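**Q** got a sequence here, can you build the structure:
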Amino acid sequence: MSSPRSNISYTVPGMSIEDSMKIISLLQMRLHALNDLHLTLKHIHWNVVGPHFIAVHEMLDPQVEQVRSMTDDLAERISTLGGEPSGTPGALVDARTWSDYSIRRADAIEHLGALDLVYTSVIMDHREAMQATETSDPVTQDMLIDQLRGLELFQWFVRAHLESKSGTLSTRGATTESGAAAQAADQARSLPSRLQ
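**A** Modelled structure (predicted):
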């Protein structure tokens, strides 16, 4: 995990340097996660194929743009707290605790199955950061809450493609991107036979 500079000389009024450094560290990891997410979304946008190509291709670009905007908000908050945001690819790769997105060219439903797991991980970590800032920095918490609203909405868009009419997700129980992709594809293949 990347750590903030230990020599920040100022922060926002009413906050200790120590609290600011903790929040900067949390926000830096959220910045890495969202930089990774917007690149992953663009990767899927370029590599999605199949009968639902255009729907998924066009659904992802607004998500990319909003996630990029979220990264800007995170970086600016880090700077406001006296920190130095790091947005280089090398820093992201060095600091991340997750693996690179594993699905390459694939059917839309496979990418959406894998993307559901990506969103779950990002949202869970964002929620932890939101809870960690509740007392020490409600301004940062408010920003994270607003970002969660968008991230959760995007995951709902993805899950709408993966949900059966009974409300069951095809990715339920999957623990890997490839497993989620395979489960989503299996459910999609079985739909026509169930309708006949």
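
**Q** after the strand or helix carrying Glu128, next one along is what?
**A** Glu128 is part of helix 108-132 when elements are defined by DSSP states H and E. Sequence order places helix 138-160 as the next helix or strand after helix 108-132, per DSSP H and E.

**Q** helices or strands up against the helix or strand just after that next one?
**A** Remark: after helix 138-160, the chain's next helix or strand is helix 177-195, criterion DSSP H and E. Applying 3 or more C-beta pairs under 8 Å, 6 or more residues apart in numbering; DSSP states H and E, one finds that helix 177-195 contacts strand 106-107, helix 108-132. For glycine as for every other residue, the C-beta is placed from the backbone atoms N, C-alpha and C.

**Q** would you list these in CSV and tack on mean pLDDT?
**A** Below are the helices and strands packed on helix 177-195 laid out as CSV (pLDDT from 0 to 100):
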stretch, mean pLDDT
strand 106-107, 98
helix 108-132, 98
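
**Q** between these, which one is closest to Thr40.
**A** Comparison of these against Thr40 by C-beta to C-beta identifies helix 108-132 as nearest, at 6.1 Å.

**Q** now do stretch 111-124: distance to the chain's middle.
**A** Relative to its chain's centre, stretch 111-124 lies at 7 Å (C-alpha atoms, centre = their mean, to the nearest Å).

**Q** closest to Ala33 out of the helices and strands packed on helix 177-195?
**A** Once the helices and strands packed on helix 177-195 are compared by C-beta to C-beta, helix 108-132 is nearest, at 5.4 Å.

**Q** what angle separates the closest one from helix 177-195?
**A** Relative orientation of helix 108-132 versus helix 177-195 (axes from the mean of the first three to the mean of the last three C-alpha atoms, to 10 degrees): 130 degrees.
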